[in-house]
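**Student:** sequence plus predicted model, see below.
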Amino acid sequence: MSYLIRRFEFFAITLWAALTINFILPRIMPGNPAQAMLVRFRGRVSPETVKAIEVAFGFHSNEPIWQQYLEYLRNTFTGNFGTSVTFFPVPVGDVIKQGLPWTLGLVGMATILAFILGTLLGMLSAWRRGGFFDAVLPPVFIVISAFPYFWLGLLVLLAFALTLNWFPLGFAYDLTSSINLSWDFGGQVIWHGTLPALTIVITSAEDYVKMARAKGLSPVRIMFMYAGRNAILPNLVGFAMSLGFVISGAILVEIVFNYPGLGFTLLQAVHSEDYALMQTLFLMLTVAVLVAVLAADLLTAVLDPRTREQG
Amino acid sequence: MIATATRPLLQVKDLCVDYLTESGPLRAVDRVSLDVARGEFLGIVGESGCGKSTLLFAIARLLSAPAEISSGEIWFDGKDMVSMDEDQLRHLRWSGYSVVMQSAMNALNPVMTIAEQLGDAIQAHVRMRDRQLRSRSQELLKVVGIDPVHLHSYPHQLSGGMRQRAMIAMALALTPDLVIMDEPTSALDVVAQRSLMVKIKQLQREFGFATIFVTHDMSLVSHFSDRLAVMYAGQVVEVGQTRQVFAAPKHPYTVGLMRSFPSISGPLQTLTGIPGSPPDLAHPPSGCRFHPRCPKRFDRCPGEEPDLYSNDQVLVRCFLFDDR
């Protein structure tokens, strides 16, 4: 129990720290969103409009910083994230609502499926020790998983869009998203397959796996309850983390493929100094990772009795 | 009928085990022959790396690559174990013979309770209702002297001695004819060792199973085993009744082992030990494998390989006992 309480404490404290840093960062960055907007509209707005925009974004306000901070916290918890400069006058919440399904639906699903498939593949390859899979997969997995994935993405684009001309270069959602999906999917399968493959190779040498064989258990039971369940523990934490990183990890992929998810939105926000949007996106990334870590901790506690007491 | 009654429970004939290494096969067990009668307690002693654990795992057919049985026969209760495939072995395992491993900490699955690990062994071989299974599991823990409340404990919650007892409870779950033990006491302190050995011996009398007990601890095995086999560099160098081997050790290596530990009750004597270290099995010495360390070697030893010679109902692999 104390393990769980400590995990929740950790969650609360890091969440607060993240929120605060998220509040401070944009305020110590150079530049001003109203100025940025002025540049965007090439001076076609009057100084009065500029002032009005600044007030709307909370920049000209004379409130002391702590009051702004409290208001920021209140707004955050009530889901009022302000107005986007990039997509003016659309509220930030709506911008995110548009991008989120793309990122969550495709990248998130790919991560989950890849985890399941990768783990099974890894288990199988490790289980047939000394076989073809065991000899070939782990080294190949390690090499491939060391490639930066956006670079692999660029290669895919080069091969299929430029050279073979099978797909357009970007913005044709269904086609690129399917490349994106299948590529990302493949990469994740490999990524998630590596660790279980290696750890199962290690756990198969454990005495308790030998003991399970000596007991005359069925191979399926040995693989899942003895070799697999222990090998999956470290991988599970990695999986929960990678779910948390779905949003941030998608940034580079989405940029490479011009894919209309949150990562691409973040790029646009940074380009146009869209503080409100940026702040909200950063917040989402942080919260996603924190929630994922918490979930990983809870899952580990369920699956590994040793953590429940020691922690 | 008479043949089955007198036939040993386990017969090992000229068993060889090789480790297939990059630089060719390495023979870890060399032409070992052993018999174990029903209800008998056979001790196997030897230094680390003499092949005793490899021999055990070969008998249990639990070797994993790169080790494999390269020749020889293993007959268990009249069944040829060497030619059995994994599926046939699975049915024989645990109900015919069970294994107790060296370190219970590593041999018990850390994420399953004792009850789960006892239960799956039983249910892999017999159908049992949940209630029946629970009472059987409780009974087993009581037999080895553990409070049944620990059924729902995880291995890390038990003490070292309790874990070993739990392993033994597991090994007895299906009342096998043979329990193979690989240094089950080596991770325990002397007091726990003693009480575990007494327990094993008592259980053996109660249930009548035969035991092969591997250890490097001569003094431990002296009080509990009926027969004793001494191994050196993959070979059996002396085998006979424990009492006889202890009273009059014949092979110079056995003599050396006996001088390596103090006797508790006997007269005070100087411990001499054995000079040198065990040979590299990839390049075993020519002739008798013990000759480089042997205080009694003579010109015949480096050139020729000794056989097992019978002397006073004890088999010895040493030219000193070659009467021919």
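**Tutor:** Received, thanks.

**Student:** and chain B, which residues reach chain A?
**Tutor:** Residues of chain B lying close to chain A by Cβ under 8 Å from any Cβ of the partner chain are B:60, B:62, B:64-65, B:86, B:89-95, B:98-99, B:101-103, B:106-113, B:120-121, B:124-125, B:154, B:156, B:170. C-betas here are computed from N, CA, C, even on glycine.

**Student:** now the residues you listed: which count as buried?
**Tutor:** Taking 16 or more other Cβ atoms under 10 Å in any protein chain shown as the criterion, what is buried in the residues of chain B next to chain A is B:60, B:62, B:89-90, B:92-95, B:98-99, B:101-103, B:106-113, B:120-121, B:124-125, B:154, B:170.

**Student:** in helices, which of those fall?
**Tutor:** In helices, defined here by DSSP state H, the members of those are B:L89, B:R90, B:L92, B:N106, B:A107, B:D120, B:A121, B:M170.

**Student:** of those, which one scores lowest on pLDDT?
**Tutor:** Within these, B:N106 has the lowest pLDDT, namely 82.

**Student:** skipping adjacent residues, who's closest to that residue in space?
**Tutor:** Nearest non-adjacent residue to B:N106, counting by Cβ to Cβ, 6 or more residues apart in numbering or on different chains: A:D207, 4.0 Å away.

**Student:** now do the same contact list for that neighbour.
**Tutor:** B:M101, B:Q102, B:S103, B:N106, B:A107 (Cβ atoms under 8 Å, 6 or more residues apart in numbering or on different chains).

**Student:** make it 10 Å
**Tutor:** Going by Cβ atoms under 10 Å, 6 or more residues apart in numbering or on different chains, A:D207 touches A:A214, B:M101, B:Q102, B:S103, B:A104, B:M105, B:N106, B:A107, B:L108, B:N109, B:D182.

**Student:** and the two most separated of those?
**Tutor:** Across the contacts of A:D207, the longest distance by Cβ to Cβ is 17.8 Å; it joins B:N109 and B:D182.

**Student:** tell me which helix or strand the most far-flung residue of chain B relative to its centre sits in.
**Tutor:** For chain B, the largest distance from the centre (Cα atoms, centre = their mean) belongs to B:R131, which lies 34.8 Å off. Here B:R131, judged by DSSP states H and E, is contained in helix B:130-143.

**Student:** and that helix, what does it pack onto?
**Tutor:** Packed against helix B:130-143 by the contact rule (3 or more Cβ pairs under 10 Å, 6 or more residues apart in numbering or on different chains; DSSP states H and E) you find helix B:114-123, helix B:160-171, helix B:190-207.

**Student:** can you do 7 Å?
**Tutor:** For helix B:130-143, the elements it packs on are helix B:114-123, helix B:160-171, judged by 3 or more Cβ pairs under 7 Å, 6 or more residues apart in numbering or on different chains; DSSP states H and E.

**Student:** can you list the ones in helices among the buried ones among the residues of chain B next to chain A in CSV and add distance to A:A295?
**Tutor:** Shown next, in CSV, are those (distance: Cβ to Cβ, whole Å):
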residue, distance to A:A295
B:L89, 42
B:R90, 38
B:L92, 44
B:N106, 30
B:A107, 32
B:D120, 29
B:A121, 34
B:M170, 35
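
**Student:** and these, which two are the farthest apart?
**Tutor:** Taking Cβ to Cβ, no two of these sit farther apart than B:L92 and B:N106, at 24.2 Å.

**Student:** skipping adjacent residues, who's closest to B:E68 in space?
**Tutor:** B:D18 (6.2 Å).

**Student:** the helix or strand harbouring the one you found: what's the following helix or strand?
**Tutor:** Assigned by DSSP H and E, B:D18 belongs to strand B:10-21. Past strand B:10-21, further along toward the C-terminus, the next helix or strand under DSSP H and E is strand B:24-36.
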